[in-house]
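Enquirer: Sequence and predicted structure below; questions after.
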Amino acid sequence: MGAAECWGNVLVVPAFNEEMNRCRSMVTIQAQALAKAGVGTLVVDLFGTGESDGEYGEARWDIWIDNIRQCVEWLEATQAGGCSALLGIRLGVPLALEAIRNLPHVKAVVAWQAVTDGKHYLTQFMRMRIAANMDRTDIPKETTGGMRGQLAAGQSIEVAGYEIAPELAHSIDGLRLIDLMPPESVSMAWFEKGTGEEPVISPVSQNLVEGWRQAGRHVDAAAYDAPAFWALYDRYISPELVEKTTEWVQSLRRQA
């Protein structure tokens, strides 16, 4: 079955660094499923990443926010149905939630495996460099504190081939997803790899979602059972996540 007549579009706000590359297969399959449901997909390489302009060391959070704004404006101006939703993946979730505050046309956000604490996330990213250099005897042993000291002194750091500027690191370090509650007009789908025999989202995520619901926000949350496709070198696909996402995006048409 081919693509249906387009009634809306989803803008993908990608994951960070290597996670972005490992998610590409999932994004492609999700886009194919949405196309059959009459939904277009726009995948953006943010400034300094992929095939976009700029070097990674020049990337800044506010530039990425502006990239999202430009993509939404392009969808609204040129594509049937405009921008129906943002699909944030990992660090793309807080990026999408921050961007949507100034995008009144967009009424929905889909979250895949959201990063909820930027400082913890950046620390885990830095540990990749420590692990990669663990067996080297020709350089001093490093710590995340030492790398943060470099950033505080205005020096970029390189991790897994990615140059991270102090400005970008500072923006990520200060992220707390609980502080980025979606506007009242925005519906949200929260999809997360589940834990336990009957998968459920983590307690941290459950508390965050419940807090937003108590504040009057509409958040649908569901767990799915699949490998951590954003973190693994091998290509893994979650048909369950694709199906849940497609069904939720289709529901936006019924609500319109």
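Expert: Yep, that arrived.
Enquirer: ok, now how distant is V242 from K36?
Expert: The gap separating V242 from K36 is 11 Å, by Cβ to Cβ, to the nearest Å. From N, CA and C alone the C-beta is placed, and that goes for glycine too.
Enquirer: Of those two, give the one with the bigger neighbour count.
Expert: Neighbour comparison, V242 and K36: the larger count goes to V242, with 20 against 12 (by other Cβ atoms under 10 Å).
Enquirer: doesn't I29 make contact with Y236?
Expert: No: look at Y236 against I29 with Cβ atoms under 8 Å: they stay out of range, at 11.1 Å.
Enquirer: Would you mind identifying the next helix or strand past the host helix or strand of T28?
Expert: Here T28 sits within helix 24-36, counting by DSSP states H and E. Downstream of helix 24-36, the next assigned helix or strand under DSSP H and E is strand 39-43.
Enquirer: The following helix or strand past that next one versus strand 39-43: what angle between them?
Expert: Of the helices and strands lying after strand 39-43 in sequence (DSSP H and E), the nearest is helix 61-78. Helix 61-78 runs at 150 degrees relative to strand 39-43, counting by axes from the mean of the first three to the mean of the last three Cα atoms, to 10 degrees.
Enquirer: May I have the helix or strand that helix 61-78 is followed by as PDB, with CA atoms only?
Expert: Using DSSP H and E, the helix or strand that follows helix 61-78 in sequence is strand 85-89. Taking C-alpha atoms only, strand 85-89 is exported to PDB below (Å, rounded to 0.1, in the frame of the first residue of the first chain):
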ATOM      1  CA  ALA A  85       3.400  17.400  15.600                       C
ATOM      2  CA  LEU A  86       7.100  17.400  16.700                       C
ATOM      3  CA  LEU A  87       8.600  14.000  17.300                       C
ATOM      4  CA  GLY A  88      11.500  14.400  19.700                       C
ATOM      5  CA  ILE A  89      14.000  11.600  20.200                       C
END
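Enquirer: The protein - how does it break down into domains?
Expert: In terms of domains, the chain is parsed into 8-117+177-255, 121-167 (source: automatic domain parsing).
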